[in-house]
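# here's a sequence, model it:
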Amino acid sequence: MSRIHVPVTLRWSDIDAYGHVNNAEMLRLLEEARIRAFWADEAGGEGSHDGHATAVIAGGPGAETITLIAGQQIEYLAPAPYVRKPLDVQLWIGRLGGASIEICYEVRSPRDAGDQVVYAKAATTLVLVDAASQRPRRLTEREREAWAGFVDAPVEFRKR
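Numbering: from 1, shown residues only. Take a look at the predicted model:
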């Protein structure tokens, strides 16, 4: 399986009174990784500042596409402590729909940490919306081609 690796640096303010990444801040880390992996640098541009070929969604003011979160699920597996080296957020596509994608994640300890610890796993359903009509729009062939190599089984969460 091919995954997109996005290094995300923690901020001191991400840590709570218990000495680990606060649950709400974990969602911010996922957002940061998602933006860097899938959004182009400029409206109409291609590629992110991290060089991900998957960054094909034009975002920002004046963009033709708006992205909306339809749902998110996160499962915390271990407390993530403050570390200076970036966490390794791994992303892949769990499902390519007509107008939506399911982005899957694992938040792990830094890549050079030896045996990586998985702190959290998550999934986000993202809907692509035409900015002018405010209606969902179909994924383009360009998007499908850019993301096809990163499609794999969705995250499996523990059952309640």
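# show me the shaky parts of this protein.
Filtered on pLDDT under 70, the chain yields the residue ranges 1, 42-51, 160.
# longest helix of it?
Taking residue count as the measure and DSSP state H as the definition, the longest helix of the chain comes out as helix 23-38.
# next secondary structure element downstream of that helix?
Beyond helix 23-38 on the C-terminal side, the first helix or strand identified by DSSP states H and E is strand 65-76.
# not counting its neighbours along the chain, what's nearest residue 85?
Spatial nearest neighbour of residue 85, excluding adjacent residues (CB to CB, 6 or more residues apart in numbering): residue 110 at 3.9 Å. Heads up, the C-betas are built off the backbone N, CA and C, glycines and all.
# list the contacts of the residue nearest to the spatial centre of the chain.
For the chain, the residue sitting closest to the mean C-alpha position, by CA atoms, centre = their mean, is residue 34 at 2.8 Å. When contacts are counted by CB atoms under 8 Å, 6 or more residues apart in numbering, residue 34 is found next to 91, 103, 105, 124, 126.
# same thing but 7 Å
Neighbouring residues of residue 34 by CB atoms under 7 Å, 6 or more residues apart in numbering: 91, 103, 124.
# touching, the last one and residue 103? I think so.
Yes: contact criterion CB atoms under 7 Å: residue 124 and residue 103 qualify, at 4.7 Å.
# these two: who's more crowded?
residue 103 (27 against 22; other CB atoms under 10 Å).
# contact partners for that one?
34, 91, 93, 123-124, 126.
# Serialize those residues to JSON lines and add fields for distance to residue 147 and secondary structure.
Rendered in JSON lines, the data for these read as follows (distance: CB to CB, whole Å; DSSP: H, G, I helix; E, B strand; the rest coil):
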{"residue": "34", "distance to residue 147": "13", "secondary structure": "helix"}
{"residue": "91", "distance to residue 147": "10", "secondary structure": "strand"}
{"residue": "93", "distance to residue 147": "5", "secondary structure": "strand"}
{"residue": "123", "distance to residue 147": "15", "secondary structure": "strand"}
{"residue": "124", "distance to residue 147": "14", "secondary structure": "strand"}
{"residue": "126", "distance to residue 147": "11", "secondary structure": "strand"}
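# cool, thanks, talk later.
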